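> Predicted coordinates and the sequence they were generated for:
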Amino acid sequence: MARIAREIRQLYAMCAAALVLGRADLDGADEAGFDLELPVFTVGQAAAIADIHPQTLRQYDRVGLVTPQRTEGGARRYCLRDIDRLVQAQRLSQSEGINLAGVTRILNLQEENRQLRRQIRRLQAAGEESVFTAGRDGDIVEMQRSNSARMWRRAIRTQTRALPGRAPRRTGIDPDSKSVVLYGFGA
């Protein structure tokens, strides 16, 4: 993994400290341009930032509560999302008395909720038509916009195709074609 510049590490450390103190949240860090998945912190740094014993971090990793990324050598590296999960896990388990299985479930649901809010904001901010497709698992997903897709839609709009069973218009398209193109417009 490439080394991260000292200034960037310091910015991430300040952001992590703000997360721990409750002065920031992951949504705000994301909007500010921080990469929430960038593995910046070692076990010792993450433990110091979150005020948690390093052995607790290892235990959380073993039970799957907070699973940090690994370097090629196998060392754990924590990101901002991990720091946030560590702080919330400590609060839920110590202050609220929730067991680790419950904490894991709560944190996973919170993350899913945050991702859905982020997706809604992105869709609302788009302000233009979107293209959707079915993913491998059957879920409907938004496709990344590209110039080739825009040119393809523009070409479709300028060419009309007759549906099967209708008399073909003079469009230069094969009247025996069974092609149908469907596309939607954004609100």
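Looks like it arrived, so ask away.
> Going by contacts, tell me the helices and strands next to the one helix or strand L107 maps to.
If you go by DSSP states H and E, L107 is part of helix 100-126. Applying 3 or more C-beta pairs under 8 Å, 6 or more residues apart in numbering; DSSP states H and E, one finds that helix 100-126 contacts helix 26-31, helix 54-63, helix 80-90. Just so you know, the C-beta spots here come from the backbone N, C-alpha and C atoms, and that holds for glycine as well.
> Any idea how many residues pack against E7?
For E7, the neighbour count with other C-beta atoms under 10 Å is 8.
> quick check, it in a helix?
Yes - E7 forms part of a helix when assessed by DSSP: H, G, I helix; E, B strand; the rest coil.
> ok, it to M14 distance?
Shown here: E7 relative to M14, a distance of 11 Å by C-beta to C-beta, to the nearest Å.
> And for I120?
28 Å.
> now D84
Remark: distance between D84 and M14 (C-beta to C-beta) = 14 Å.
> who has more neighbours, those two?
A side-by-side neighbour count of D84 and M14, using other C-beta under 10 Å, places D84 first with 24 against 11.
> what pLDDT does that one get?
You'll see D84 listed with a pLDDT of 94.
> hang on, the earlier thing: let me know the angle separating the helix holding L107 from helix 80-90.
Counting by axes from the mean of the first three to the mean of the last three C-alpha atoms, to 10 degrees, helix 100-126 lies at 140 degrees to helix 80-90.
> Please point out which parts of helix 100-126 sit buried.
Buried residues in helix 100-126, defined by neighbour count with 16 or more other C-beta atoms under 10 Å: 103-104, 107, 114.
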